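Novice: give me the fold of what follows.
(chains A and B, ligands or ions: 4)
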Amino acid sequence: MSERKILVVGNGMVGHHFVESLVNARLNVSITVIGEEPRPAYDRVHLSDVFAGREPGELAMATREIYRDWGVDAHFGDPVSRIERDRKEVVTGKGRRFKYDKLILATGSYPFVPPVPGADHTRCLTYRTIDDLGQIRAKAKGSRVGVVVGGGLLGLECANALRNLGLETHVVEFAPGLMSVQLDEGGSRMLRHKVEALGVQVHTGKNTQNIDEGNAHALKMVFADGENLETDLIVFSAGIRPRDNLARETDLAVGKRGGIVIDYKCKTTDTDIFAIGECALFGGRIYGLVAPGYRMAEVVVKQLAGEEAQFQGADMSTKLKLLGVDVGSIGDFHGSAEGSMSFIFSDEREACYKRIVTSADGKLLLGAVLVGDCDGYDTLWQYYLNEIQLPLDVQCLIVPATEEAPLLGVGALPATATICSCHNVTKGDVVASVECGCCSLAEVKGKTKASTGCGGCSAMLKKLVDEELIVRGVTVDNSICEHFSHTRQELYHLARVGEIKNFDDMLAYHGRGRGCDICKPAVASIMASLWNEHILEHKHVGLQDTNDTFMANMQKDGTYSVVPRVAGGEITAEKLIVLGSVAQKYGLYTKITGGQRIDLFGASLNQLPAIWRELVEAGFETGHAYGKSLRTVKSCVGSSWCRYGVQDSVGMAILLENRYKGLRSPHKLKSAVSGCTRECAEAQSKDFGVIATENGWNLFVCGNGGMRPRHADLFATDLDDATLIRYIDRFLMFYIRTADHLQRTSVWMDSLDGGVAYLREVVIEDSLGIAAELEKQMSHIVQTYACEWKATLADPLKLNRFRQFVNSGEADSGVVFVKEREQIRPVRPEERLRLVAVTE
Amino acid sequence: MSGDDNMKAAPDYEWQSICTREDLVPGSGVCALVGTEQVALFYLPGEQPQLYAVSNRDPIGHANVLSRGVLGDIDGRLVVASPLYKQHFDLLTGDCLEQQDLQVGVYDVRLDGDTVLVAV
Ligand code: SRM
Ligand SMILES: Cc1cc2nc3c(=O)[nH]c(=O)nc-3n(C[C@H](O)[C@H](O)[C@H](O)COP(=O)(O)OP(=O)(O)OC[C@H]3O[C@@H](n4cnc5c(N)ncnc54)[C@H](O)[C@@H]3O)c2cc1C
Ligand code: SF4
Ligand code: FES
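Specialist: Ligands and ions are numbered 1, 2, ... in the order given. The predicted structure follows:
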């Protein structure tokens, strides 16, 4: 069989989609494309992005090269001017002739300009093509005021463009409200409210009669009601009209108000000619959106392949952000069906309007309007599209978050549910693409094309892909920074499995670039969790945050604080005296911390070693106040003294603190032990907390104080000492292995599938069979513990770093203290000025 | 010595020897006092040039701490992250990546054998 000649007129979004689908169908055909615009198809839907800074070139959907690679014969910048049906040929403006066996008309539409005298002025423009963009931009230069005629979807988008160009923007609409095609009256009113709040002036019910020369501005619009409005430019966006002239002139049937009549096979009245996209009239209707056009294109391709296919109309639901206002419209929102019920929620303070329309029995969603808040759109759309039965209390779908609002999670959808209506991609298609090996959102998009149209489905697609990947054990792209496209967990495992012991190897094997202040400390912490080497080892230098580098916490003026460990908060008088005399000797500010120990503030870099030498000699160890590691295990006084205490909480706190001190983890770790249920140590706000019982210990996990407090979960009860420690060992190691960088245990717990029950399975029942390994790893860390300060003091090379200046013994002149309540504090900026003035 | 290290000083600048290579910490920073100015010196043996010098003063945290920041690259620019509030400063231009109107001073610096020279 010789090649059939397929000729496509028009290379807009739909024409291009047709070509692409046809190429993918691998039929024995030759394809010719004739486009009027000087460039191949581009993404018209996102035209306005250019005003927000995107390059027009970035909108391209095809290039000449791609067409050439596909074997498509494409001609641009020369429109078809006539069809000669008897010869099965078309003729272009330049007089070239092309033969066809099948002709596809995808000529789109043009902006309607009302026949108003003066509308042909050079400052009256339209908005549909890249060339129009250029015109608008050029005319906006030096202009102050701009008017958009038409308050529909495109008109408002255009208004936003004018606003972005810095013009005082007006919208003039003939109808009484904005966006009357997509919104009911209430929604339209709310939208107007929001749009006006943005400084766009809206004039509704205005019939433009004349456009004259203006006085203060270039143009003057005169309305039927006698009022007028001066402006420097006008953009008409008063609706679209199908480009049906080619069909009309060759006597194909066209609609009364325009549009090439097609049947459900997208055939015109000539069986060899199809029409698709915005030029086609189906069931008395023009579909002014890309998705229906794409469906038509696919229907024609199928028929060319000899398959049965029908176009059955299309869903016109839309979700957009217009002038920054969320607007959504689904199905029959006017409630025109017999017996339908409406539920309306309107909040003028938050400027938010929602309406849903259900069937008479309340079981099906027929339509919805959302203005100001589109969060519920995806859920509503799924109810509508897939005819899912509504919950009994439907109103909860639009009344704002009573927390339980039953969002339809992607998990609840059937496989047939449409996720992307632009490209007709179902949940099943997405799942299949993941099954075929797509491992990221980008790959799924590439394979299914989902979310590459209007983009309205992107949030839902991401959720679905994430869930599917997680189910398959693939972690979702949570790259820790630009140097590693891995999560902390992944890096941890890579380091462990590959026995990677330094950052450079990590970067060489798994990263790119040179690293940064995010990944360096994260990798350093992983190295420490795994191999427990001294953090000032040569190879780890430069990786640590200043606090870890100098084993002290930097304060606002560049000095440091010194926090020795006081395990369990128990301290002897002798040691208290040492702390006091060291503070006195070096002139430090002292304070009891919230962690039951003592902080000495105001030490300069070069003082740190001397201070620590004295402290270490007196038996102190570093308190790791600087590290992402165990901080303190607080205690209450417990059974030794307290008349209610049932166990020795201080003893247990000291034991735990000494066991886990120095343990590097994704974030800091805190603990506490209380001697009875009165809970004076606040153990239930800690990463792991222990409360004494008559029979042993209750263990609580994943509590948090701080910015987002979380009450700890009761994990296990009445444990003996050995079991308690075994469980904590496993719990902590499992956290270290699986948590994200800077994720406290509380947040980690909330992200664990299965929550505390799952954690119990892993830790108590050893469901993963890793308990022994976790314990072994912990035991290695415990056995290799060494006080970092003690080790540093013994190593002159390491001490070399504690110099304020490499070439001078002077102090930092930027550090100035003043006295307050008998102690020092850093000088405040305003005081510094005064001080300088006095000394000079 | 590389071409970069051979930068000619402007006429009214004078190269001062500050310290030796030994005083530097590879992959990290130290601070030197040059006259009354605090200069943060960063030594990156794998880069070209190997040595960078910017003012030690963090203009956002208002403290002399930049020499104690973590080094790295952001979008291909070599930077130091302030240890106080983590803003990044370009080692070559002194520009602050987070706050375009802010800059820290940069100094001409070079190695002469093992001696570190700064132009002031
Ligand atoms: C010194 C101290 C305040 C005091 O004078 O009492 C303190 C001081 C700091 N806290 Fe704290 N926190 C101190 C007890 C606490 C407590 C109370 C406790 O531990 O019982 C909490 C709430 C409990 C908790 O963490 O769940 C606490 C919650 C925080 C948080 C919020 C953590 C969160 O998960 O939301 C931060 C910020 C962070 O870590 O990201 C923080 C961070 C800091 C930093 C590191 C802020 C900073 O970057 O400079 C402070 C530095 C201390 C320094 O220079 O030595 N600090 N901080 C306390 C030291 C305790 C100790 O002996 O180690
Ligand atoms: C600013 C803007 C925003 C939009 N936003 C959305 C949105 O959010 N969602 C949505 O679904 N839709 C949106 N649309 C509508 C969408 O762009 C159209 O539905 C879609 O472009 C229709 O595709 P089409 O191929 O049928 O027509 P077009 O894209 O218009 O392509 C037709 C092409 O045919 C060419 N042509 C016409 N006559 C001839 C001839 N005789 N010979 C050769 N070539 C010819 C034309 O020059 C044109 O290039 C928007 C439109 C605009 C302008
Ligand atoms: S509460 Fe804030 S100000 Fe107080 S110590 Fe903690 S971090 Fe610093
Ligand atoms: S619904 Fe438009 S891109 Fe998916």
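Novice: CA-only coordinates of the longest helix along chain A in PDB, if you can.
Specialist: Residue-count comparison of every helix in chain A, with assignments taken from DSSP state H, identifies helix A:721-738 as the longest. C-alpha atoms of helix A:721-738 as PDB (Å, rounded to 0.1, in the frame of the first residue of the first chain):
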ATOM      1  CA  ASP A 721      16.800  -1.800  83.300                       C
ATOM      2  CA  ALA A 722      18.300  -4.100  80.700                       C
ATOM      3  CA  THR A 723      15.200  -4.100  78.500                       C
ATOM      4  CA  LEU A 724      14.800  -0.400  78.800                       C
ATOM      5  CA  ILE A 725      18.300   0.200  77.500                       C
ATOM      6  CA  ARG A 726      18.000  -2.400  74.800                       C
ATOM      7  CA  TYR A 727      14.900  -0.700  73.500                       C
ATOM      8  CA  ILE A 728      16.400   2.700  73.600                       C
ATOM      9  CA  ASP A 729      19.500   1.500  71.800                       C
ATOM     10  CA  ARG A 730      17.400   0.100  69.000                       C
ATOM     11  CA  PHE A 731      15.100   3.100  68.900                       C
ATOM     12  CA  LEU A 732      17.900   5.600  68.600                       C
ATOM     13  CA  MET A 733      19.900   3.600  66.000                       C
ATOM     14  CA  PHE A 734      16.800   3.100  63.900                       C
ATOM     15  CA  TYR A 735      16.100   6.900  64.100                       C
ATOM     16  CA  ILE A 736      19.700   7.600  63.100                       C
ATOM     17  CA  ARG A 737      19.500   5.300  60.100                       C
ATOM     18  CA  THR A 738      16.200   6.500  58.800                       C
END
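Novice: what lies in contact with it?
Specialist: The contact list for helix A:721-738 (Cβ atoms under 8 Å, 6 or more residues apart in numbering or on different chains) reads A:489, A:492-493, A:529, A:652, A:655-656, A:659-660, A:663-666, A:669, A:688, A:690, A:696-697, A:699, A:701, A:715-716, A:719, A:745, A:748, A:759, A:762-764, A:770-771, A:774-775, A:777-779. From N, CA and C alone the C-beta is placed, and that goes for glycine too.
Novice: one more time with 6 Å
Specialist: Applying Cβ atoms under 6 Å, 6 or more residues apart in numbering or on different chains, the contact partners of helix A:721-738 are A:489, A:529, A:665, A:688, A:697, A:699, A:745, A:762-763, A:771, A:774-775, A:777-778.
Novice: mind listing what's buried in the helix or strand that that helix is followed by?
Specialist: Beyond helix A:721-738 in the direction of the C-terminus, DSSP states H and E gives the next helix or strand as helix A:745-751. By neighbour count, with 16 or more other Cβ atoms under 10 Å in any protein chain shown as the criterion, the buried positions of helix A:745-751 are A:745-749.
Novice: wait, does helix A:745-751 contact ligand 1?
Specialist: No - against ligand 1, helix A:745-751 shows no contacts by Cβ under 6 Å from any ligand atom, the least distance being 7.2 Å.
Novice: using CSV, write out every CA atom in that helix.
Specialist: Once side chains and other backbone atoms are set aside, the C-alpha atoms of helix A:745-751 remain, and they are given as CSV (Å, rounded to 0.1, in the frame of the first residue of the first chain):
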residue,chain,number,x,y,z
THR,A,745,12.3,12.4,66.5
SER,A,746,8.9,13.9,66.8
VAL,A,747,8.7,14.9,63.1
TRP,A,748,10.3,11.6,62.1
MET,A,749,7.6,9.7,64.0
ASP,A,750,4.9,11.7,62.3
SER,A,751,6.3,10.8,59.0
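Novice: buried set for the very next helix or strand once past that helix?
Specialist: Secondary structure here is assigned by DSSP H and E; on that basis, the next helix or strand after helix A:745-751 toward the C-terminus is helix A:755-763. Applying a neighbour-count criterion of 16+ other Cβ under 10 Å, the buried positions in helix A:755-763 are A:759-760, A:762-763.
Novice: check stretch A:279-296 too.
Specialist: Buried positions in stretch A:279-296, judged by neighbour count with 16+ other Cβ under 10 Å: A:279-282, A:286-296.
Novice: I'd like the average pLDDT over that stretch.
Specialist: Mean pLDDT, stretch A:279-296: 92.
Novice: pLDDT weak spots in chain B?
Specialist: B:1-12 (pLDDT under 70).
Novice: say whether chain B is contacted by stretch A:808-827.
Specialist: Yes - contact between stretch A:808-827 and chain B, assessed by Cβ under 6 Å from any Cβ of the partner chain, occurs at A:808, A:812, A:814.
Novice: can I get the host helix or strand of A:Leu655 in PDB, CA atoms only?
Specialist: Counting by DSSP H and E, the element that carries A:Leu655 is helix A:649-660. What follows is the C-alpha trace of helix A:649-660 in PDB, where atoms were taken according to Å, rounded to 0.1, in the frame of the first residue of the first chain:
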ATOM      1  CA  SER A 649      15.700   8.400  88.500                       C
ATOM      2  CA  VAL A 650      19.000  10.300  89.000                       C
ATOM      3  CA  GLY A 651      20.900   7.000  88.800                       C
ATOM      4  CA  MET A 652      19.100   6.000  85.600                       C
ATOM      5  CA  ALA A 653      19.500   9.500  84.100                       C
ATOM      6  CA  ILE A 654      23.200   9.400  84.700                       C
ATOM      7  CA  LEU A 655      23.500   5.900  83.200                       C
ATOM      8  CA  LEU A 656      21.600   6.900  80.100                       C
ATOM      9  CA  GLU A 657      23.500  10.200  79.600                       C
ATOM     10  CA  ASN A 658      26.800   8.500  79.900                       C
ATOM     11  CA  ARG A 659      25.700   5.800  77.500                       C
ATOM     12  CA  TYR A 660      24.600   8.000  74.700                       C
END
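Novice: great, nothing more from me.
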